[in-house]
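S.K.: Provided below for reference: sequence and predicted model.
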Amino acid sequence: MINANMRLYDYFTLGLNDYGDTALSSEAKGQIKISINETNYNLVNNILYKDCSYIGLTYAEIDDTFVIQYGDIKLKVKHVNPQGRYKQVFMGLYE
């Protein structure tokens, strides 16, 4: 059932620019196959993850430097739970 909901999305990565500030890559770094759903669940009342309103499941290697193009919006990966067969990915809007 989860595999049927998985789609390919472009992803960008965060890194340091010439001034040492965090910057988003200008071009997509590749594609990731992930199932994304909107949720109202907040991750353990932690202030770092309070804005996570999207959750995804994937087999792919992913970390908190990823920003996923989800339709017209970009989602910042804020937390990855690697336990189990799938990786749970908690995401919030990237501004």
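M.R.: All right, it came through fine.

S.K.: Near A4, how many other residues are there?
M.R.: In terms of burial, A4 registers 6 neighbours under the definition other Cβ atoms under 10 Å. C-beta: built from backbone N, CA, C; applies to glycine.

S.K.: Surely it forms part of a helix?
M.R.: Yes: counting by DSSP: H, G, I helix; E, B strand; the rest coil, one finds A4 located in a helix.

S.K.: middle-most residue in this protein, spatially?
M.R.: Taking Cα atoms, centre = their mean as the criterion, V77 is the residue nearest the geometric centre of the chain, at 3.1 Å.

S.K.: Contacts only, for the nearest residue to Y59 once chain neighbours are set aside.
M.R.: Among residues not flanking Y59 along the chain, Y86 sits closest, at 6.5 Å (Cβ to Cβ, 6 or more residues apart in numbering). Contact analysis of Y86 by Cβ atoms under 8 Å, 6 or more residues apart in numbering lists I2, L57, T58, Y59.

S.K.: Would you mind listing which of those residues are buried?
M.R.: With burial judged by 16 or more other Cβ atoms under 10 Å, the buried subset of the contacts of Y86 is L57, T58.

S.K.: And what about M91, helix, strand or coil?
M.R.: Put simply, M91 is strand when judged by three-state DSSP.

S.K.: Surely it and C52 touch.
M.R.: Yes: M91 is within contact range of C52, at 6.2 Å (criterion: Cβ atoms under 8 Å).

S.K.: Report the set of residues contacting both of the two.
M.R.: Going by Cβ under 8 Å, 6+ apart, residues that sit against M91 and also against C52 are K78.

S.K.: So for these two, which residue has more residues nearby?
M.R.: Looking at M91 and C52 with other Cβ under 10 Å, you find the greater number of neighbours at M91, namely 28 against 22.
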